[in-house]
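>>> A predicted structure for the sequence below; I have some questions about it.
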Amino acid sequence: MAIRPILILPDPRLRVACEPVAKVDDSLRKLMDDMVETMHDAPGIGLAASQLGILQRVVVIDLAKKDEPPQPLFFANPEIFWSSEETSIYEEGCLSIPEYYEEVERPGSVRARFLDRDGAPREILAEGLLSTALQHEIDHLNGVLFIDHISKLKRDRVTKKFIKQAKLRESEKA
Ligand code: GNR
Ligand code: NI
């Protein structure tokens, strides 16, 4: 297993729609395990492969608290096929937009189909924080970030800040 670097806004790879996984094989399982290790190290509750620059439809989520044993969930090709009318609001953050948090309203519950770590087809009813996290991660697979769900004023403000920081880091490399 390995911790891999997480891409930061405005990296263009965060804006690409990812390709479906053809099959869940050992090399994909290695990617999934690296994703879990990277997510735990960060730490975060979810990670999409595109955040590591791997443009495939793969997601990991772990909602276990710090004092609990890890409970990683693995999703290849996740697809939401039902969303509740009822919505819920969570304060979201993103490892690709560090230290920025904002409330986002999303469907409170979703049902999704996916392939698990063994490549077996599964369905899940996600509610509460799992629902929000799964929607946040599937957005990543479509090149969508949580800031796309907030006001344009706030989105433009945070985007400008991260563009400025990226330029500064670039100039410091020289
Ligand atoms: O660690 C994370 N926390 C979080 C909190 C509320 C809603 C979504 C998330 S996902 C985020 C990790 C991340 O960036 N996943 O893509
Ligand atoms: Ni994110």
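Yep, it's here. Ligands and ions are numbered 1, 2, ... in the order given.
>>> Next, name the residue at the spatial heart of the protein.
Glu137 (3.3 Å; CA atoms, centre = their mean).
>>> element containing that residue, please.
Counting by DSSP states H and E, the element that carries Glu137 is helix 128-141.
>>> How far does that helix sit from its chain's centre?
In terms of CA atoms, centre = their mean, to the nearest Å, the centre of helix 128-141 is found 7 Å from the chain centre.
>>> Up against ligand 1, what does this structure have?
Counting by CB under 6 Å from any ligand atom, the residues of the chain lying close to ligand 1 are 44-48, 51, 90, 92-96, 132-133, 136-137, 140. (C-beta placed from N, C-alpha, C; glycine too.)
>>> Give me the contacts around stretch 117-126.
Stretch 117-126 has contacts (CB atoms under 8 Å, 6 or more residues apart in numbering) with 23-25, 29, 32, 74, 76, 109-116, 133-134.
>>> Which of the residues of the chain next to ligand 1 fall in helices?
When DSSP state H is applied, the residues of the chain next to ligand 1 are split such that 132-133, 136-137, 140 fall in helices.
>>> In contact with the residue of the chain found nearest ligand 1, which residues are there?
Of all residues in the chain, the one sitting closest to ligand 1 is Gly44 (3.0 Å; CB to the nearest ligand atom). Counting by CB under 8 Å, 6+ apart, Gly44 makes contact with Leu95.
>>> Now it: phi and psi?
With angles defined as degrees, to the nearest 10, Gly44 sits at phi -140, psi 170.
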